[in-house]
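1. Whatever this is, show me its structure:
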Amino acid sequence: MTPSRTDSAPSPLVKAVIPAAGLGTRFLPATKATPKEMLPVVDKPAIQYVVEEAARAGLQDVLMITGRNKVALEDHFDRHWELEQALEAKGDDRRLQRIRKSATLGNIHFVRQGEPLGLGHAVLCAQAHVGDQPFAVLLGDDLIDARDLLLEQMIAVQQAKGGSVVALMEVPPEQTHLYGCAAVEETDEPDVVRITGLVEKPDPADAPSNLAIIGRYVLDPSIFGVLEQTPPGRGNEIQLTDALQERAAASGEGAGVHGVVFRGRRYDTGDRLDYLKAVVRLAREHKELGDDFSAWLEDYVAELRDADRTPSATSR
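-> Reported below is the predicted structural model:
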């Protein structure tokens, strides 16, 4: 990729922001006392997949934006000396390494959002920590397969072109009301587009395209100044989409928004049904459990099909 900027070298990305202040109401009662980010996806909490993704992309300074009842997040990414000693005493090195991994993924910090004023406000809470450097934002509801280097590609685009970068994915037109959607222009690079407009959760008839924003962003720090002036929008919340719309239409330093069209494997843990689908898909790919789980799943599906074909006693 040939950089298009002619000014000084871009600042390297080293920081990631993970908003994690949501109440998780769609998963009640499971999330009454447990943060939704700590719900297990096979054998790891969902939030760990996200932090591992940031670490793979070289972002080892991670700030989580949390709220009340999120102490479990801090505990998970801390050392658990008593448990470690118990596993050491048993000689259980495999599990010992697993529980230590979460505490060694990077420098993880926490700040509370205070009020549930939207994603834009959550990002604004990171301003003091981020400073004047570009940074990534990763939403925990979207898990990106470790084999698909989406974040790395987005960082490369931002470093080459400047401004901000969002991840886009094609969705069925009838689902556009669930996402922010982008109006785009093609560039000379495959699956890299220039964004000319953004609409938060449009009706299908009003959607500028079926390219939906998914939960990965690489943002220029100028976004903070825009967010400070962004009034509450849809849902009476400060929308990050509204601030990005302003950046897309602006010119000058830090302006402009590009999109990377993602065609890889994404696991949506944002609602109950998609969460269950994510667990099944990742369980089939698990290096230890995958073969056995897949074999059981095939047998189970076959049993269901046989049961559907067998007439019930009442129908005879």
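2. and the helix ranked longest in the chain, average pLDDT?
-> What stands out as the longest helix in the chain, according to DSSP state H, is helix 290-309. When pLDDT is averaged over helix 290-309, the result is 93.
3. Show me which positions of it end up buried.
-> Within helix 290-309, the residues that count as buried by 16 or more other CB atoms under 10 Å are Phe293. Using the backbone N, CA and C atoms, a C-beta is placed for each residue, glycine as well.
4. for stretch 75-85, same thing?
-> Quick answer for stretch 75-85 (16+ other CB under 10 Å): 76-77.
5. and if you look at stretch 44-58?
-> 44-55, 57.
6. got it, and stretch 192-203?
-> The neighbour-count check on stretch 192-203 (16+ other CB under 10 Å) flags 192-195, 198-202 as buried.
7. State the phi and psi torsions of Arg194.
-> Phi and psi for Arg194, reported as degrees, to the nearest 10, are phi -100, psi 130.
8. coming back round to it: keep only those of the buried residues of stretch 192-203 that are in strands.
-> Secondary structure defined by DSSP state E assigns 192-195, 198-200 of the buried residues of stretch 192-203 to strands.
9. from the residues you listed, which is closest to Asp206?
-> Among those, Val199 lies closest to Asp206 (CB to CB), at 6.9 Å.
10. burial count for the closest residue to the closest one other than its chain neighbours?
-> Among residues not flanking Val199 along the chain, Cys181 sits closest, at 5.4 Å (CB to CB, 6 or more residues apart in numbering). Neighbours of Cys181 under the rule other CB atoms under 10 Å: 28.
11. Direction-wise, compare the helix or strand harbouring Cys181 with strand 192-200 and give the angle.
-> Assigning secondary structure by DSSP states H and E places Cys181 in strand 180-186. Angle, strand 180-186 to strand 192-200, by axes from the mean of the first three to the mean of the last three CA atoms, to 10 degrees: 150 degrees.
12. In strand 180-186, which residues have enough neighbours to count as buried?
-> Judged by neighbour count (16+ other CB under 10 Å), strand 180-186 contains these buried residues: 180-184.
13. contacting residues around that strand?
-> With CB atoms under 8 Å, 6 or more residues apart in numbering as the test, strand 180-186 has contacts from 166, 168, 193-202, 207-213, 239, 241, 259.
14. Which residue lies nearest the spatial centre of this protein?
-> The centroid of the chain falls nearest to Leu139 when counting by CA atoms, centre = their mean (3.0 Å).
15. State the distance from it to Gly254.
-> Remark: distance between Leu139 and Gly254 (CB to CB, to the nearest Å) = 22 Å.
16. Just give the closest residue to Met38, not the sequence neighbours.
-> Distances taken as CB to CB, 6+ apart place Pro45 nearest to Met38, at 4.5 Å, with adjacent residues excluded.
17. roughly how far apart are the one you found and Ile65?
-> Relative to Ile65, and taking CB to CB, Pro45 is found at 17 Å.
18. what about the chain, any weak spots by pLDDT?
-> For the chain, the stretches with pLDDT under 70 are 1-10, 312-316.
19. Tell me which stretches of the protein form helices.
-> Under DSSP H, the chain gives helices at 46-56, 71-76, 81-90, 93-101, 119-124, 127-130, 150-161, 223-229, 240-249, 272-285, 290-309.
20. got the contact list for the second one?
-> Going back to what we said before, that points to helix 71-76. Helix 71-76 is contacted by residues 20, 34-35, 37-38, 45, 47-48, 64, 66, 102, 110 when judged by CB under 8 Å, 6+ apart.
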